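Novice: No letters, just coordinates:
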């Protein structure tokens, strides 16, 4: 966590997103729910309480009454509408994290303290007494105070994040990496998408719905998650988790790579193929079980695939594609022929996604599938014994940093 390279502005937004995730994970019942950007930043509804929560992060600022005065006035405005029968009654929560100055707030607050420090202010040289403007008396303010909960010593960004990761590890029985890169990453995406919805009813989600949405082992290229981690660290973490090994085992590895024709450069892609072959092959004379990887290129035009393979052949880079002669049908047995020092097969290219399952069925070693996709996953593995990792990428050169 200490290496997170997020700006203070980004942290302010993500702290609120994290607070929403934290509240969802800690709801007692699956049907309890939250609304993002409802009455306040987060509205929580349980079987016995409705809460409107304002959540702010000021890790570099000292606490002053003026920082929370306006949010309290907005809460009081809602309270006045409840009193008039125009809004539903809720309890109000104000949570904030500050660098220092917490001793300035004397709790519990009295009616006079509330009026002096939060409801009386000057704007454009005009003194305002907000409670009077709303037509509220001391009895009303006392009632409001009973419904107001102020915490200016809320958890730090790191502490809150650590609690979320611990909760996710327990809920999904997973590693710290999976809790962070899968479930927390997915959670940020879910909350961000809720926050941008126009209609308040579309910003609602129950605990059950949230857990179902984040239970997804696709590695997402989520801009908020990348902003927090830093792209370099994010890619390095993926490499460490999936592609770092002191002894590369002789497995059948399948690299499924989606290209975007608008940004595709053959020279760049060839560099990636050379890298995959170099790092995930062993066909030396001394190798007891020689091997080389398979590649499927998603969305590549047929003509470009032919040109790519022809260029590899001309450069002496031997490949196998499962076709033994002109007019032959695809042969899983042929493409599964072991690469070795004598045949010098450096890469096996699957022309179509349909050939993948045929090849997986024919291959008799341990199999691993690594799928790199741009927007949506395009292959679903139905075999539980096959390791299948799905990673969303932003551009082809990201793969070079991962593998």
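Specialist: Perfect, I can see it now. Computed from a prediction, not measured in an experiment: that's the story for all the values here.
Novice: just the strands in the stretch 1-150 of the chain please.
Specialist: Ranges of strands within the stretch 1-150 of the chain are 33-36, 42-45, 50-62, 91-100, 120-123, 126-129, 148-151, based on DSSP state E, counting those that start in this stretch.
Novice: Relative to residue 15, which of the ones you listed is closest?
Specialist: strand 50-62 (3.8 Å; Cβ to Cβ). From N, CA and C alone the C-beta is placed, and that goes for glycine too.
Novice: Let me know how buried residue 58 is, in neighbour terms.
Specialist: Residue 58: 18 surrounding residues under other Cβ atoms under 10 Å.
Novice: ok, so what distance separates the closest residue to it other than its chain neighbours from residue 238?
Specialist: Once flanking residues are discounted, residue 58 sits nearest to residue 98: 4.9 Å by Cβ to Cβ, 6 or more residues apart in numbering. In this view, residue 98 and residue 238 are 35 Å apart by Cβ to Cβ, to the nearest Å.
Novice: what packs against the helix or strand that contains residue 256?
Specialist: Per DSSP states H and E, residue 256 falls inside strand 252-258. Under the contact criterion of 3 or more Cβ pairs under 8 Å, 6 or more residues apart in numbering; DSSP states H and E, strand 252-258 touches strand 294-298, helix 354-362, strand 367-373.
Novice: can you give me the strands for the stretch 151-300 of the chain?
Specialist: Under DSSP E, counting those that start in this stretch, the stretch 151-300 of the chain gives strands at 204-206, 218-219, 252-258, 294-298.
Novice: helices and strands around the helix or strand of the chain with the lowest mean pLDDT, which ones?
Specialist: Least confident helix or strand of the chain, by mean pLDDT, DSSP states H and E, is strand 218-219 with a mean of 77. Helices and strands touching strand 218-219, by 3+ Cβ pairs under 8 Å, 6+ apart, are strand 387-392.
Novice: Pull out the buried positions in the strand it packs on.
Specialist: Going by neighbour count (16 or more other Cβ atoms under 10 Å), the buried part of strand 387-392 is 388, 389, 390, 391, 392.
Novice: what separates that strand from the chain centre, distance-wise?
Specialist: Centroid displacement of strand 387-392 relative to its chain, using Cα atoms, centre = their mean, to the nearest Å, is 15 Å.
Novice: now what about that strand, what contacts it?
Specialist: Strand 387-392 is contacted from outside by 217-221, 238, 242, 367-375, 377, 381, 402, using Cβ atoms under 8 Å, 6 or more residues apart in numbering.
Novice: circling back to that earlier point, would you mind confirming that the residue nearest to residue 58 is in contact with residue 152?
Specialist: Yes - using Cβ atoms under 8 Å, residue 98 is in contact with residue 152, at 6.0 Å.
Novice: Give the residues shared as contacts by these two.
Specialist: residue 63.
Novice: for the stretch 51-200 of the chain, what spans make up the helices?
Specialist: Ranges of helices in the stretch 51-200 of the chain, per DSSP state H, counting those that start in this stretch, are 65-83, 111-114, 130-133, 138-147, 157-172, 176-178, 185-195.
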